[in-house]
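Novice: can you look at this prediction? I've put the sequence above it.
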Amino acid sequence: MELVKNNRGSATIETATMFLLIIVLVVGFMYLMQTVTAYSAIQTAAREGAREYSLTDDKTKAVNKAVRELTLAGIDPSRAKISAKSVGQERRVSITYQYDFYVPFLGEKDMTIESGAVFRVVGSPDKN
């Protein structure tokens, strides 16, 4: 029994398969970049909050600065937990954010993004 070789349409099927693979990779890369952007914004907000805290030694101002930075980045600050604390000469601001994203064929997923920053208070110009 001899097999009949018919290659008609195989190039079309291969092209369609590769096209789908490329689409999945591009969409996955886009979601990854959105997550990296959110992390970067949260990290910047923590750093700016800690900087404000080290300059003013006021927790409320530090948290408000972090909230403003999150808002500027388009992140909902009501979904973030922002804490500021003082340990010796260090001023620390930590942010925990619940980040939701959509994965095709798997649905909605969530991830916790955490970031923090520490600034040291070296000296006070008022005490010199």
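Specialist: Sure, I can see it.

Novice: every contact and neighbour count from this point should use C-alpha atoms.
Specialist: Noted.

Novice: list the contacts for the closest residue to S86 other than its chain neighbours?
Specialist: Closest residue in space to S86, ignoring its immediate chain neighbours: R92 at 6.2 Å, by Cα to Cα, 6 or more residues apart in numbering. Contacts here follow Cα atoms under 8 Å, 6 or more residues apart in numbering; on that basis R92 touches A50, Y53, A84, K85, S86, G116, A117, V118, F119.

Novice: how about the residue nearest to the spatial centre of the chain, nearest residue that isn't a chain neighbour?
Specialist: Most central in the chain under Cα atoms, centre = their mean is Y39, positioned 2.1 Å from the mean C-alpha point. Closest residue in space to Y39, ignoring its immediate chain neighbours: I113 at 6.6 Å, by Cα to Cα, 6+ apart.

Novice: which secondary structure element contains that neighbour?
Specialist: Applying DSSP states H and E as the criterion places I113 in strand 107-120.

Novice: which strands and helices sit next to that strand?
Specialist: helix 10-56, strand 90-103 (3 or more Cα pairs under 8 Å, 6 or more residues apart in numbering; DSSP states H and E).

Novice: pick the most buried one from the ones you listed.
Specialist: Greatest average neighbour count among those goes to strand 90-103 (a mean of 18), per mean count of other Cα atoms under 10 Å.

Novice: related to what we said a few turns ago, mind checking how far the residue nearest to the centre of the chain is from S10?
Specialist: 44 Å (Cα to Cα, to the nearest Å).

Novice: what residue ranges in this protein score low on pLDDT?
Specialist: Along the chain, segments meeting pLDDT under 70 span 1-6, 123-128.

Novice: for the contacts of R92, give me TSV that also has distance to T35.
Specialist: Shown next, in TSV, are the contacts of R92 (distance: Cα to Cα, whole Å):
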residue	distance to T35
A50	23
Y53	27
A84	24
K85	27
S86	30
G116	17
A117	19
V118	23
F119	26
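
Novice: ok, those residues vs A16, which is closest?
Specialist: G116 (45.3 Å; Cα to Cα).

Novice: now that closest one. Nearest residue, chain neighbours left out?
Specialist: Nearest residue to G116 in three dimensions, chain neighbours excluded: S94, at 4.1 Å (Cα to Cα, 6+ apart).
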